[in-house]
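K.L.:
My questions are about this predicted structure, shown below with the sequence.
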Amino acid sequence: MIRKILLILILVIITLILFLFLRDIVNLAYLASQNTKASVPSITDWYNIGLLLVQTVGAVVAAAFAWVAYRQTQRISSEQIKQTEKIHQEQTTFAQNQAFISLYEYWKDLREIPPEVIDWDDVIKMANLIEVMGVMRAKKVVDEELLFVVYGKLIVKIYEQIQVVRDMNTKEQKGNDILKQAVGAIAIYDRWKKRIEDEKQARLTKGQGKSNVTNP
């Protein structure tokens, strides 16, 4: 809002400069036409010329001051925005860390699934834990980088175990049916699986590069 006001003020001042300049040019032209017989400008002519210069210089100085004030306001506003964003980021990080600490006890039950099970309650529980984590990540309730460092590989491993787990009695695989409705779990698995594979590929590429350097 302040920026718009200052910009309007600058435009008004510039318009006033042009108006005063044109007005005095017209006045001088009129006076000159009334004094064509005089070979030397009269005192009145010199006075009007001096007045025109003073008014023009004054208007230019005023516009310059207004422009400086406008730029200063822009700089202060930019710094205030940066400071506000920094405070917001710090508050967000603090809240995410607090959420992680609160949910750590909830996620401590995460454990690997055996290839065959009799009771599917544990399998459903693991799927629900991954689903909750996926939703928390998507909503940015908890910092994703922190989640990945602590749980990344374990989550991918458990998810894949749920996909292939079989009923010990019927040998039927029901894991995919459990995961089918877990949108958050599917999203976090796909995202972290790709990240793990990309990081692995990057390490291999880096290792090959070092090998080529040492063995030309």
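P.N.:
Structure's in. What do you need? Every value quoted in this text rests on a predicted model; they were computed, and no experiment measured them.
K.L.:
burial count for residue 166?
P.N.:
One way to gauge burial is a neighbour count; for residue 166, by other CB atoms under 10 Å, it gives 15. For the C-beta atoms, the positions are set from N, CA and C on the backbone; glycine is no exception.
K.L.:
I figured it was touching residue 120, is that so?
P.N.:
No. Assessed by CB atoms under 8 Å, residue 166 is found out of contact with residue 120, at 10.7 Å.
K.L.:
What are the structural domain limits within the chain?
P.N.:
Residue ranges for each domain of the chain read 2-90, 109-214, as given by automatic domain parsing.
K.L.:
Go through those and find the least confident stretch.
P.N.:
For these, the weakest mean pLDDT is recorded on domain 2-90, namely a mean of 66.
K.L.:
which ones are touching the residue lying closest to residue 165 once chain neighbours are set aside?
P.N.:
Spatial nearest neighbour of residue 165, chain neighbours left out: residue 175 (4.7 Å); criterion: CB to CB, 6 or more residues apart in numbering. The contact partners of residue 175, taken as CB atoms under 8 Å, 6 or more residues apart in numbering, are 123, 161, 162, 163, 164, 165.
K.L.:
let's go with 10 Å and repeat that
P.N.:
113, 117, 120, 123, 126-127, 159-166 (CB atoms under 10 Å, 6 or more residues apart in numbering).
K.L.:
what touches both of residue 166 and residue 120?
P.N.:
Contacts common to residue 166 and residue 120, judged by CB under 10 Å, 6+ apart, are 174, 175.
K.L.:
Give me the phi and psi for residue 173.
P.N.:
phi -90, psi 120 (degrees, to the nearest 10).
K.L.:
nope, residue 101 is what I was after
P.N.:
Listed backbone geometry of residue 101 is phi -60, psi -40, with angles given as degrees, to the nearest 10.
K.L.:
Same question for residue 182.
P.N.:
Torsion angles, degrees, to the nearest 10, at residue 182: phi -90, psi 80.
K.L.:
tally of neighbours for the closest residue to it other than its chain neighbours?
P.N.:
On the basis of CB to CB, 6+ apart, the spatially nearest residue to residue 182 that is not a chain neighbour turns out to be residue 131, at 4.3 Å. Residue 131 is flanked by 20 other residues according to other CB under 10 Å.
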